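A.B. asks: Need a 3D model of the following:
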Amino acid sequence: MQIKLELVEPRLSNFLAKYRLELLRCIAKGFSSYVFLVKGNSKKFALKIQRKDSPRESIEKEAELLKILNKYSIGPKLYKFDKENKAILMEFVKGKTLAEFLEEKPKRSEFIKIFSELLRQAALLDFLGISHGQLGGKLKNIIITSKGRVVIIDFEKASKERRAKNVTQLLGALIFNKHSYYAKIVKNLLFE
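C.D. replies: Below is the predicted model:
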């Protein structure tokens with residue numbers, strides 16, 4: 001993965017030094033931020049830092065939303081928000097994306113458990129008036145851990161301004177979109 005460290009330096013170095021963290025590697029590169037795997041006290045974390053060239057001011061908003069959502073066991077656990085360095089330190093969620101999980105053709109009972117929990121979280125987001133905005137499509141913002149925990153990640157584009165329709169978006173991607181590869185897998189799991 002090609003990254004341009006100059007887009008997050010010196011904030012990255014400042015954050016690592018301030019919290020005594022060790023940089024392991026870059027795990028994601030987005031339009032407005034980078035996510036790094038870091039280590040501190042033998043524990044791994046995800047460190048999200050806003051890029052200098054980002055047109056959005058999304059890190060602070062994402063931290064505020066995670067504070068709210070963590071009370072409902074939604075999202076990765078937020079550990080620190082550093083306004084000065086435009087950085088969020090959060091739980092590193094190891095697992096498969098929902099797309100990867102579906103491609104492995106899980107057992108029907110396993111899928112129903114995951115699907116039920118995902119719908120519960122999406123409905124709660126709708127109730128709280130928070131639109132994630134990216135729960136459909138490539139299904140990469142939903143992580144399934146090896147223990148079957150469902151974690152919605154990347155609340156960078158989430159909004160309280162848009163009408164929340166997370167359940168509708170999920171059902172569209174997983175069931176109603178007749179052109180979706182993943183909807184075909186889900187229909188086979190549920191109805192055959």
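
A.B. asks: Which of the helices and strands in the chain ranks last by mean pLDDT?
C.D. replies: Lowest by mean pLDDT, DSSP states H and E among the helices and strands of the chain is helix 181-191, with a mean of 89.

A.B. asks: For it, list every residue counted as buried.
C.D. replies: The neighbour-count check on helix 181-191 (16 or more other Cβ atoms under 10 Å) flags Tyr182, Ala183, Ile185, Val186, Leu189 as buried. Bear in mind the C-beta positions are built from the backbone N, C-alpha and C, glycine included.

A.B. asks: Could you export those residues as TSV, including distance to Ala164?
C.D. replies: What follows is those, written out as TSV (distance: Cβ to Cβ, whole Å):
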residue	distance to Ala164
Tyr182	22
Ala183	22
Ile185	26
Val186	22
Leu189	27
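
A.B. asks: How about residues contacting stretch 59-70?
C.D. replies: 33, 48-50, 75-78, 81, 83, 86-88, 90, 125, 128, 130, 155-156, 158 (Cβ atoms under 8 Å, 6 or more residues apart in numbering).

A.B. asks: do that again at 7 Å, thanks
C.D. replies: 33, 48, 50, 75, 77-78, 81, 83, 86-88, 90, 130, 155-156, 158 (Cβ atoms under 7 Å, 6 or more residues apart in numbering).

A.B. asks: can you tell me which of these are in strands?
C.D. replies: Ser33, Lys48, Gln50, Leu78, Phe81, Ala87, Ile88, Met90 (DSSP state E).

A.B. asks: for these, which one is nearest Ser13?
C.D. replies: Nearest to Ser13 among the ones in strands among the contacts of stretch 59-70 is Ala87, at 11.2 Å by Cβ to Cβ.

A.B. asks: how deep is the closest one tucked in, by neighbour count?
C.D. replies: Neighbourhood size, Ala87 [other Cβ atoms under 10 Å]: 26.

A.B. asks: Touching, it and Ile49? I think so.
C.D. replies: Yes - contact status for Ala87 versus Ile49: in contact at 4.6 Å, counting by Cβ atoms under 7 Å.

A.B. asks: Now do the shared contacts for those two.
C.D. replies: In terms of Cβ under 7 Å, 6+ apart, Ala87 and Ile49 are both contacted by the residues Arg11, Phe15.

A.B. asks: Tell me the confidence at the residue nearest the centre of the chain?
C.D. replies: Nearest to the mean C-alpha position of the chain, by Cα atoms, centre = their mean, lies Ile153 at 1.2 Å. You'll see Ile153 listed with a pLDDT of 96.

A.B. asks: measure it to Leu65 for me?
C.D. replies: Computed with Cβ to Cβ, to the nearest Å, the distance linking Ile153 and Leu65 is 12 Å.
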